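**Q** A structural model of the following input is requested.
(one chain, ligands or ions: 1)
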Amino acid sequence: MGKKHRHRLKKSLNVESPSFTPATLSVSGKSAAITSQAATAVPFTPRSIASGTATPNSQIDPEPPTFNPATIREFTPQNYELPQTTVQNGTTPDTQSSYDPFQMTPLTQVLPTTPYNPYLEDSTNIASNGASYYQPQTTYTAPAQPLQYHLYAPIGPHREDLLAYQRLTHDFFMPEKLREDLQKKAEATLQVMPNSQLPTLDNYHTLVALDTSHHKSATVFGFPGWVYKATSSKNGKMYCLRRLEGYRLTNENAIRSVKDWRRVDSGTVVSVIDAFTTRAFGDSSLIFVTDYFPLSKTLVEHHFTSTNRFGHRTSTNVPEKVLWGYISQIGSAIKSVHSAKLAVRCMDPSKVILTDKSRIRFSACSILDVVQYEAQRPLAELQQEDFLHFGKLILSIATNNLAPNQAMKAAVDQLGRTYSPELKETVTWLLTPTQPPAAVKSIDDFISGISAHLVSAFDSSLHTQDTLTSELSRELENGRLFRLIAKLGTINERPEYDGDRNWSENGERYMLKLFRDYVFHQVDAEGRPVVGLGHILSCLNKLDAGVEEKISLVSRDEQNVFVVSYRELKKLVNGAFGDLMKGPGKGRY
Ligand SMILES: Nc1ncnc2c1ncn2[C@@H]1O[C@H](COP(=O)(O)OP(=O)(O)OP(=O)(O)O)[C@@H](O)[C@H]1O
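**A** Next comes the predicted model:
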């Protein structure tokens, strides 16, 4: 900020000085009267004002400070007005030259003299209209457009009984359920076990056991297995480690076969990162490193162990739609795996994990390739076997029977009584072994056969995506405001400011102190705190946009009133922050 500007603020903003006529912040430094715009500014009642005390700015507006969303102009393409800001040679007066880590993509407030119409699809038109501003670009940059202070685009579904401008607090945040789910997952990811006896491995530390049962069976892989969450020492990210106890590596190539799984990129296959052997557990263990999905459950845990509130095991039929969802996901995973010239091999329900509602993933790919490496079974045979495993998995879930092998025919009949003939036919097709010389099964044939169900699974995934996009767009605003609050937090109340003239009552930055009170410390006429999220959001958005609207700030001792525009405040914030970023010795701090 230039000297001239500081001088102007000092000079024109003291209510007691004889030359003060409380309205102007004109750049020329001349005093002026309160404009009608300033007079309608939302008044600020400082915290210290006792009940019934007349405020010094009561002349300006005697109303108590209330946030009235109706006063916010709705943003519509028709009233899309541009602040009166001029651009010289495309430079931005407000922009700090120093690096600003809190600044998001430069959504500059400085506008072309020709208004930018975001509804215009033809960008070449824009370029020709504002040729001096919109230079032809080879790389994408965020389109320059005015940052309106009334953001939070209303994306449905909407409550019917609210007026256009009314908002509920939870309109600004993601739904509770989603927030809770994400938060629990974050907590699980960061969870550590104090006094853990688990060892630290070469590249992984802070192991946390994920197994809930102490009983370990060796039925699936031939070795008892354990699952841990661990932190990589290389990148600090969390991974899932599956340890097979007592495995002795006899052929180096066995473990190398794991790298072939890097070719598989499927949403239904947990990515295999690495495999190695270790003696850190006091035995000879084989470790598989895969991606980690917090709070996932195996299909056994999800479908076979639910209990009612009396602790009794219940068995309810899994809805057919869910089964078709699983079938679609597994079909697509097998397609990826077979295309990569590999076979899934392990589709045991205890090795298929549920990572979100109806979202499943194969969690134990590559393991049998290593532990049964010596058998050298032909790929074609293993791929054909995948269809059989697939059929058994669906049959298990549909009939709530973990061992349908024993009475497969009876289980298929039971499935036919509960579900559609189409589902029964699909499972039967998967379970029927192909006898040479009959043609082998192919995953492409299978996918064509279930295409109608794939389409509906695809559609529900589009709906989920829409919902999440709408949540994300809301969080976009929160992220932006958080950065602004972080910025304000870094400049306000720093101990280094004590004794700094700029922050003293005659200093230009004094306004930032008062603005902080104005935003966060509103009180009513009785001096009781008024906590209004709407007020805070509105103020911060206006500050971020640097709008021309003026507000009156009252000093804590009620002796001074400052009329200041958000544009001025924004300059002050950026100036103070810019100085802070210059570091000690260089700036004024
Ligand atoms: N990639 C992963 N990310 C996060 N958690 C996982 C992952 N893979 C497995 N898990 C979780 O680890 C736990 C233990 O898995 P495991 O395969 O040992 O199942 P299990 O039911 O104990 O089977 P078994 O009886 O064969 O040991 C399960 O709760 C599972 O959801």
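**Q** Show me what secondary structure element comes after the helix or strand that contains residue 423.
**A** Per DSSP states H and E, residue 423 falls inside helix 421-431. Using DSSP H and E, the helix or strand that follows helix 421-431 in sequence is helix 443-449.
**Q** Restricting to C-alpha, output that next one in CSV.
**A** C-alpha atoms of helix 443-449 as CSV (Å, rounded to 0.1, in the frame of the first residue of the first chain):
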residue,chain,number,x,y,z
ILE,A,443,-15.8,-61.8,-19.8
ASP,A,444,-16.9,-59.8,-22.9
ASP,A,445,-19.8,-62.3,-23.4
PHE,A,446,-20.7,-62.0,-19.8
ILE,A,447,-20.7,-58.2,-19.9
SER,A,448,-22.9,-58.2,-23.1
GLY,A,449,-25.3,-60.5,-21.3
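**Q** other SSEs contacting it?
**A** Counting contacts by 3 or more Cβ pairs under 8 Å, 6 or more residues apart in numbering; DSSP states H and E, helix 443-449 packs against helix 320-339, helix 421-431. All C-beta atoms are positioned from the backbone trio N, CA, C, and that covers glycine.
**Q** which residues are contacting the shortest one?
**A** Helix 421-431 is contacted by residues 320, 323-324, 327, 387-388, 390-392, 394-395, 398, 408, 412, 415-416, 446, 449-450 when judged by Cβ atoms under 8 Å, 6 or more residues apart in numbering.
**Q** Which segments of the chain make up each domain?
**A** 3-75+469-582, 182-449 (automatic domain parsing).
**Q** ok, the longest one near the ligand or not?
**A** Looking back up the chat, that one is domain 182-449. Yes. Applying Cβ under 6 Å from any ligand atom, one finds domain 182-449 in contact with the ligand at 210-213, 216-217, 220, 225, 227, 240, 270, 290-293, 296-298, 300-301, 350-351, 353, 363.
**Q** returning to that earlier point: which of the domains of the chain has the lowest average pLDDT?
**A** Looking at the domains of the chain, the lowest mean pLDDT belongs to domain 3-75+469-582 (a mean of 69).
**Q** re earlier: mean neighbour count for the helices and strands packed on helix 443-449 - can I get that in TSV?
**A** Shown next, in TSV, are the helices and strands packed on helix 443-449 (neighbours: other Cβ atoms under 10 Å):
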stretch	mean neighbour count
helix 320-339	20
helix 421-431	18
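**Q** May I have the strands that pair with the helix or strand that contains residue 242, each with its orientation?
**A** Here residue 242 is covered by strand 238-244, with elements defined by DSSP H and E. Paired strands of strand 238-244, with direction, are strand 225-232 (antiparallel), strand 285-291 (antiparallel) (DSSP bridges).
**Q** And the contacts of the first one?
**A** Spelled out, that is strand 225-232. With Cβ under 8 Å, 6+ apart as the test, strand 225-232 has contacts from 189, 191, 198, 201, 203-211, 216, 218, 237-245, 292, 294.
**Q** Now the buried members of these.
**A** Among these, those classed as buried by 16 or more other Cβ atoms under 10 Å are 189, 198, 201, 204, 206-208, 210, 238-245, 292, 294.
**Q** sorry, back to before: right, so the strands paired with strand 238-244: which one is the most enclosed?
**A** strand 285-291 (a mean of 22; mean count of other Cβ atoms under 10 Å).
**Q** which residues touch that one?
**A** By Cβ under 8 Å, 6+ apart, the list of residues contacting strand 285-291 reads 201, 204, 223, 239-247, 249, 255, 258, 270-279, 363-364, 366-367, 370-371.
**Q** residue ranges for the strands of this structure, please.
**A** Along the chain, counting by DSSP state E, strands occupy 204-209, 225-232, 238-244, 272-278, 285-291, 297-298, 352-356, 359-362, 550-554, 561-565.
**Q** Put together CSV for those, with distance to residue 178 on each row.
**A** CSV is the format used below for those (distance: least, Cβ to Cβ, whole Å):
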stretch, distance to residue 178
strand 204-209, 25
strand 225-232, 23
strand 238-244, 21
strand 272-278, 28
strand 285-291, 21
strand 297-298, 18
strand 352-356, 11
strand 359-362, 14
strand 550-554, 35
strand 561-565, 38
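**Q** Those: which one's closest to residue 404?
**A** Counting by Cβ to Cβ, residue 404 lies closest to strand 352-356 out of those; the figure is 15.3 Å.
**Q** other SSEs contacting that closest one?
**A** Secondary-structure packing of strand 352-356 (3+ Cβ pairs under 8 Å, 6+ apart): strand 297-298, helix 299-303, strand 359-362.
**Q** Look up how far the ligand lies from the spatially closest residue to residue 565 that is not a sequence neighbour.
**A** Spatial nearest neighbour of residue 565, excluding adjacent residues (Cβ to Cβ, 6 or more residues apart in numbering): residue 550 at 4.7 Å. As judged by Cβ to the nearest ligand atom, to the nearest Å, residue 550 and the ligand stand 55 Å apart.
**Q** what's the answer for residue 416, then?
**A** Counting by Cβ to the nearest ligand atom, the gap from residue 416 to the ligand is 29 Å.
**Q** Contacts only, for that residue.
**A** Here residue 416 is in contact with residue 424 (Cβ under 8 Å, 6+ apart).
**Q** before we move on, the earlier item: JSON lines for the domains of the chain, including distance to residue 458?
**A** Formatted as JSON lines, the domains of the chain follow (distance: least, Cβ to Cβ, whole Å):
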{"stretch": "domain 3-75+469-582", "distance to residue 458": "16"}
{"stretch": "domain 182-449", "distance to residue 458": "8"}
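**Q** What's the local residue count around residue 179?
**A** Other residues within reach of residue 179, judged by other Cβ atoms under 10 Å, total 13.
**Q** Got phi/psi on the spatially closest residue to it that is not a sequence neighbour?
**A** The spatially closest residue to residue 179, leaving aside those adjacent along the chain, is residue 173, at 7.1 Å (Cβ to Cβ, 6+ apart). The phi/psi pair for residue 173 (degrees, to the nearest 10) reads phi -130, psi 170.
**Q** my guess is residue 173 contacts residue 477, does it?
**A** No. Residue 173 is not in contact with residue 477 according to Cβ atoms under 8 Å; the separation is 10.3 Å.
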